[in-house]
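> Any chance you could fold what I've pasted below:
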Amino acid sequence: MKARREPTIIITMTDNEKELFEALRDKRLWQANMIEGWSMKGVKKLQTDKYSEEVHFIYELLQNADDAEASYVKIELRDDRLLFVHNGHPFTITDDGDEVSPHGDLNQITAPAPLNSSKENKIGKFGIGFRSVYIYCEEPEIYGDPFSFKIKGQMFPELIENKEYCRAEGETLFVFRFRDKKNYEEIEAKLKTLESPILFLNHLESITWIADGISHSYTKRCESIKRSGNISLDYVTETNDAAAVNYYMFSKTIHLDDKGDHMIYAAFPLKKEGALAMDYQRVYCFFKTMACFGMVAKLQAPFLLTESREQLLPNSPDNEKLVAELAALMSESLFLLTTLESSKKKLIDGNLFKIIPYDYREETRWGQGYTKRGVTQEKYISYFYRAFVDLLKTKAVFLSRDGIYRDCSHVFITDNRIRKLLNKQQLDSLLNDKEHSCEFLAYSVEYDKKYFLEEIGVKTFGSKELANKITSLKFRI
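Okay, here's the model as predicted:
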């Protein structure tokens, strides 16, 4: 890129690569001529118009860099073009026949309507999403090993000499010359507001970008905390220039039939003081979508998405399974959070009711929809509700007055007046609790939450119960 002066890297194509390139070029030229006919005029436009967010191609480039196992991305925004560099695997090329799987990168990036194999554990792989770059650029240029080429007509690869730009060995450079001067401002605005762009990517650790001579960056640092069964817990720090956000990130490997093993994640953002943030988050499929399950964690899974990549594909059995797995992970993560402390303060207390959709059953009891928590995917909330209820009935996740987590059969709902009136010793005496196993909840519970807790087995100790216990105690004496 502009700031560096490494010598130009020239790696000669092998005879086989030359033969494959020429064959692919001839085939794409024939296909390009077909698409230029009147009956196919809308095909290319459809492939770019499907994105409501025009700067979507930034995400596609990051996806493809991560697929190439790049550890860093460098972006330079110039007045008339965008330079995008990564240090991942170089471009590949294969025969373009139907029997080949998977096809090479060069085949994919020039294909009229690529369709990746469902068994490929790749998230971008130069699919249709790459075509969103053509909103901003007419002829992308790619400089790498062993190919340097530009794409004409969105399909036709043409070799070019690697003279204008310098790059380090092992890097691949993309050059996008803008169609319009306003493209600069649009792309700069998007780069400034990317939200968690590498949080869930498998390989990328940093993005640096330069505009108007000013350097910016996104970075990610992970520290392993513990492993419980098949769940891993990491402490992740995500930075955007000077700002930083920390997460407790839970992950586990799941298996999808015919699609292999995949990782799913639940990342709980933390406040500056270390407490859990309680904002409801969008769902991620490596990048943020428009879907929301009403959870306070950023949930990541390899969902099947609509063509715009903004919503989950409806009526998908794979998506149903992924949601069920995420619900189980959220439930297990909630229990593991009770084993952690932040500045000697418990992470799970009365905020339990912000984490779980406790009112789901009541809200939908009469066939009404669930519209709280910013939920956009109502049909999936039941998975989370059931997983949380199963947890609350069996695990010690209720913080009691003495700072100990107890299960639902060993805590009582009460009001502040009784909580202050009776100490632990007096409560044990009233309950004849020789094991000292029961205690009041550490927090007050409003009526709708009280109804939910009573349904799962938490008992109330109010004025009536206190009077009965005092009467019973007199008889025992």
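> Tell me the spacing between the nearest residue to residue 202 once chain neighbours are set aside and residue 290.
Residue nearest to residue 202 in three dimensions, not counting chain neighbours: residue 66, with 5.9 Å by CB to CB, 6 or more residues apart in numbering. In this view, the C-beta of every residue, glycine as well, is placed from N, C-alpha and C. For residue 66, the distance to residue 290 equals 21 Å [CB to CB, to the nearest Å].
> do residue 26 as well
41 Å.
> Among those two, which residue is more densely surrounded?
Between residue 26 and residue 290, residue 290 has the larger neighbour count (other CB atoms under 10 Å), namely 16 against 11.
> Secondary structure of residue 60: a helix, I assume?
Yes. Counting by DSSP: H, G, I helix; E, B strand; the rest coil, residue 60 is found in a helix.
> Report how many residues lie close to it.
Using other CB under 10 Å: residue 60 sits among 22 other residues.
> how much space between it and residue 294?
28 Å.
> can you give me the mean pLDDT across stretch 105-116?
Stretch 105-116 comes out with an average pLDDT of 77.
> burial measure for residue 419, as a count.
Using other CB under 10 Å: residue 419 sits among 18 other residues.
> nope, residue 210 is what I meant
Residue 210: 19 surrounding residues under other CB under 10 Å.
> now the closest residue in space to it that isn't next to it in sequence, what's its secondary structure?
Spatially, and ignoring its direct neighbours in sequence, residue 210 is nearest to residue 76 (4.9 Å; CB to CB, 6+ apart). Counting by three-state DSSP, the backbone at residue 76 sits in strand.
> Let me know whether residue 76 touches residue 165 as I believe.
No. The criterion here is CB atoms under 8 Å, and residue 76 misses it with residue 165 at 10.1 Å.
> Those two - which one has more neighbours?
Neighbours were counted for residue 76 and for residue 165 using other CB under 10 Å; residue 76 has more, 19 against 16.
> Tell me which other helices or strands the strand or helix carrying residue 63 touches.
Assigned by DSSP states H and E, residue 63 belongs to helix 57-67. Packing partners of helix 57-67 (3 or more CB pairs under 8 Å, 6 or more residues apart in numbering; DSSP states H and E): strand 72-77, helix 183-192, strand 287-295.
> Now for residue 412: which residues touch it?
Residue 412 makes contact with 438, 439, 440, 441, 458, 459, 460, 461, according to CB atoms under 8 Å, 6 or more residues apart in numbering.
> Tell me if I am right that it is in a strand.
Yes. Counting by three-state DSSP, residue 412 is part of a strand.
> The closest residue to it other than its chain neighbours: how many residues sit nearby?
Spatial nearest neighbour of residue 412, chain neighbours left out: residue 461 (3.9 Å); criterion: CB to CB, 6+ apart. By the measure other CB under 10 Å, the count of residues near residue 461 is 22.
> Tell me who's in contact with residue 461.
When contacts are counted by CB under 8 Å, 6+ apart, residue 461 touches 412, 413, 414, 418, 440.
> Rebuild those as TSV, extending it with pLDDT and distance to residue 157.
Output for the contacts of residue 461, formatted as TSV (pLDDT from 0 to 100; distance: CB to CB, whole Å):
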residue	pLDDT	distance to residue 157
412	96	72
413	96	69
414	95	73
418	94	77
440	96	71
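> Quickly note the distance from residue 311 to residue 135.
20 Å.
> can you pull the alpha-carbon coordinates of the strand or helix carrying residue 22 into PDB?
Using DSSP H and E, residue 22 falls within helix 15-35. Provided in PDB are the C-alpha atoms of helix 15-35 (Å, rounded to 0.1, in the frame of the first residue of the first chain):
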ATOM      1  CA  ASP A  15       1.900 -24.100 -16.900                       C
ATOM      2  CA  ASN A  16      -1.100 -25.800 -15.400                       C
ATOM      3  CA  GLU A  17      -2.300 -22.600 -13.800                       C
ATOM      4  CA  LYS A  18      -1.900 -20.800 -17.100                       C
ATOM      5  CA  GLU A  19      -3.900 -23.400 -18.800                       C
ATOM      6  CA  LEU A  20      -6.700 -23.300 -16.200                       C
ATOM      7  CA  PHE A  21      -6.700 -19.500 -16.300                       C
ATOM      8  CA  GLU A  22      -7.100 -19.300 -20.100                       C
ATOM      9  CA  ALA A  23      -9.800 -21.900 -20.000                       C
ATOM     10  CA  LEU A  24     -11.700 -20.000 -17.200                       C
ATOM     11  CA  ARG A  25     -11.300 -16.700 -19.000                       C
ATOM     12  CA  ASP A  26     -12.700 -18.200 -22.300                       C
ATOM     13  CA  LYS A  27     -15.600 -19.700 -20.400                       C
ATOM     14  CA  ARG A  28     -16.500 -16.600 -18.500                       C
ATOM     15  CA  LEU A  29     -16.300 -14.500 -21.600                       C
ATOM     16  CA  TRP A  30     -18.900 -16.700 -23.200                       C
ATOM     17  CA  GLN A  31     -21.000 -16.500 -20.100                       C
ATOM     18  CA  ALA A  32     -20.600 -12.700 -19.900                       C
ATOM     19  CA  ASN A  33     -21.800 -12.400 -23.500                       C
ATOM     20  CA  MET A  34     -24.900 -14.500 -22.700                       C
ATOM     21  CA  ILE A  35     -25.800 -12.200 -19.700                       C
END
